[in-house]
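Colleague: My questions concern the predicted model and sequence given below.
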Amino acid sequence: MAVTITLSSTTKKFIRDVGKDYPDFTIERGRQEHWSPKSNTITFNPSQTPERIRFGILHELAHGLLDHSTYQSDFELLKMESEAWHLASQIGLKYGVSIPQDHIQDCLDTYRDWLHHRSACPTCGMHVLQDSDSSYKCFNCGTVWDVSSGRFVRPYRRTRK
Ligand SMILES: [Zn+2]
Ligand SMILES: [Zn+2]
């Protein structure tokens, strides 16, 4: 039996207020925090703490307002994450939500770790810069490896034969 999570009244009010101020966006429940450029929908995970839900919605709203629909490299993605948090913090003030720097840094660290992992050569371990939007090439040993381009896809690497 599916259990519907009841949102706190503060969260409900927050979502209502944001929806009113940004009528172009649809805010709905889902499994993962996400902004869809196609439908301009912000998805939040209702099982998170009310605080996390608010941070997440502000963050995804910021991605939307900044039109962060595509990126060319992992490094650019990290930059976009940082920009989105910056804007989310500013918008949050309007709603009395202050996003702690610790939270922002934790989230960015997740991306930094992810980038660090993706950029390591599977053959010799050297960290290199991205070669294209979907691959890396090691300047040390010549290995080329593909990386998945999805923003939320778990880091995985596959060496090209
Ligand atoms: Zn983000
Ligand atoms: Zn290498």
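Modeller: Right, received. Where do you want to start? Predicted model, so just to flag it, every value in this text is computed and none were measured. Ligands and ions are numbered 1, 2, ... in the order given.
Colleague: Up against ligand 1, what does this structure have?
Modeller: 81, 84 (Cβ under 5 Å from the ion). C-beta: built from backbone N, CA, C; applies to glycine.
Colleague: could you pull out the helices for the chain?
Modeller: Counting by DSSP state H, one finds helices in the chain at the ranges 9-21, 50-65, 74-94, 101-118.
Colleague: According to the record, where do the domains of the chain fall?
Modeller: 9-115, 120-161 (automatic domain parsing).
Colleague: most tightly surrounded among these?
Modeller: Each of the domains of the chain was scored by mean neighbour count; the highest is domain 9-115, a mean of 16, by mean count of other Cβ atoms under 10 Å.
Colleague: Neighbours of Ser119, how many?
Modeller: Here the number of neighbours of Ser119 (other Cβ atoms under 10 Å) works out to 20.
Colleague: Distance of it relative to Thr10?
Modeller: 40 Å (Cβ to Cβ, to the nearest Å).
Colleague: got it, and Arg54?
Modeller: Arg54 is 8 Å from Thr10, by Cβ to Cβ.
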